[in-house]
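In: just coords:
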Ligand SMILES: C[S@@+](CC[C@H](N)C(=O)[O-])C[C@H]1O[C@@H](n2cnc3c(N)ncnc32)[C@H](O)[C@@H]1O
């Protein structure tokens, strides 16, 4: 699963590390709130998975695609399941120097600075403590890690009851191949759960210079408007797929359910859509402009 020349997902964002460090020191409460929100959204995701599976998310073999450096969701599900995580980046699980040297070799200096910086500044520990309080347990377990490209490196076939992913598919050069790969990794009766941060969301540009959520400092929907597009500097590769592109992809799979989340922001966002701005954004409809995340959940037929 190791690509010959892996491309690291994250460009150097030392500024972001230091912003997070300051946040960890002066705004512990903000981190507590952030993690509590994260945990409650994850419980909602878990309910949707259980509804599609027809049983609780317990005792399962699970795979998370693009788990990220902190693996927070994989660790959450690891409480009651066996979780494997695949990511393009090398994700060090110990604190050994060897792990970091591997990370430097495979992911580059930017990724190393960000991850080591987070650990030295105790951001990860602050978040872990916040997770323990949000979930009422410290019984988190790290996933088994694989490094690889979900678009091109074959996943273990027919091995998993659940394949899940959050905020990854919008970064993939070939989501069709990735989804085919994920489908083959499922056992018959297995479920996939894919969450996508929509490109057409007001912060779908992934420019995090101004805030961790990317929702201030730039004009609304700056990346979709010809007059403001040049202000945007995405922090990662984006395939720029729109809601209909995702719907077409998931329509290839049986009985897929779709959930759209605006996190209570849609009324506020609609007030920003002045007639002038609507004219600039005439090629986008309200639904894709106010949706933040789209989720697709489907089940592999038992007879497949
Ligand atoms: C925006 S982060 C999301 C991380 C995590 N899922 C979360 O929501 O916090 C995207 C993750 O996808 C990974 N990724 C990007 N392209 C990938 C690929 N082709 N195969 C596997 N992982 C990939 C990145 O390395 C990164 O960890």
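Out: Nice, I can see it. Keep in mind it's a predicted model, so treat the numbers as computed, not measured.
In: buried ones in stretch 188-205?
Out: 190-205 (16 or more other C-beta atoms under 10 Å). To be clear about C-beta, it is placed using only N, CA and C from the backbone, and glycine gets the same treatment.
In: How about it and the ligand, any contact?
Out: No. Between stretch 188-205 and the ligand, judged by C-beta under 6 Å from any ligand atom, nothing touches; the nearest distance is 7.6 Å.
In: distance between the ends of that stretch?
Out: One end of stretch 188-205 to the other measures 36 Å (C-alpha to C-alpha, to the nearest Å).
In: How much space separates the nearest residue in space to residue 266 that is not next to it in sequence from residue 28?
Out: Using C-beta to C-beta, 6 or more residues apart in numbering and skipping residues adjacent in sequence, the residue nearest residue 266 is residue 290, 3.9 Å away. Distance of residue 290 to residue 28, computed by C-beta to C-beta, to the nearest Å: 32 Å.
In: quick one: which of these two has more around it?
Out: Neighbours per residue, other C-beta atoms under 10 Å: of residue 290 and residue 28, the larger number sits with residue 290, 22 against 13.
In: The more buried one: what's it in contact with?
Out: The contact partners of residue 290, by C-beta atoms under 8 Å, 6 or more residues apart in numbering, come to 262, 265-266, 269-270.
In: what's the answer for residue 293, then?
Out: Per C-beta under 8 Å, 6+ apart, neighbours of residue 293: 167, 195-198, 201, 260-261, 263.
In: Where does residue 188 sit, in terms of helix or strand?
Out: Counting by DSSP states H and E, the element that carries residue 188 is strand 186-197.
In: Also residue 34?
Out: Here residue 34, judged by DSSP H and E, is contained in helix 28-53.
In: is that helix up against the ligand anywhere?
Out: No. Using C-beta under 6 Å from any ligand atom, helix 28-53 stays clear of the ligand, with a minimum separation of 9.0 Å.
In: Ok, stretch 61-72 next?
Out: Yes. Counting by C-beta under 6 Å from any ligand atom, the ligand has neighbours in stretch 61-72: 65-68.
In: same question for that stretch, mean pLDDT?
Out: The average pLDDT within stretch 61-72 is 94.
In: Now residue 99: closest residue in space that isn't a chain neighbour?
Out: residue 92 (3.4 Å).
In: quick check, the one you found in a helix?
Out: No. Counting by DSSP: H, G, I helix; E, B strand; the rest coil, residue 92 is not part of a helix but coil.
In: Which of the three states applies to residue 74?
Out: Relying on three-state DSSP, one would call residue 74 helix.
In: burial of it, as a residue count?
Out: By other C-beta under 10 Å, 26 other residues sit near residue 74.
In: need the contact list for the residue found closest to it once you drop the neighbours it is linked to in the chain.
Out: Excluding its sequence neighbours, the residue lying closest to residue 74 (C-beta to C-beta, 6+ apart) is residue 143, at 4.0 Å. Residue 143 sits next to 64, 67, 71, 74-75, 78, 83-85 when contact means C-beta under 8 Å, 6+ apart.
In: And those residues, which two are furthest apart?
Out: 75 and 84 (12.5 Å; C-beta to C-beta).
In: Next one, pLDDT for residue 211 please.
Out: Taking residue 211 on its own, its pLDDT is 70.
In: got it, and the one 10 residues further on?
Out: In the prediction, the pLDDT value recorded for residue 221 is 95.
In: OK, contacts around the most centrally placed residue in the chain?
Out: By C-alpha atoms, centre = their mean, the mean C-alpha position of the chain lies nearest to residue 167, the distance being 2.6 Å. Each residue near residue 167 by C-beta under 8 Å, 6+ apart is listed here: 66, 195-197, 293.
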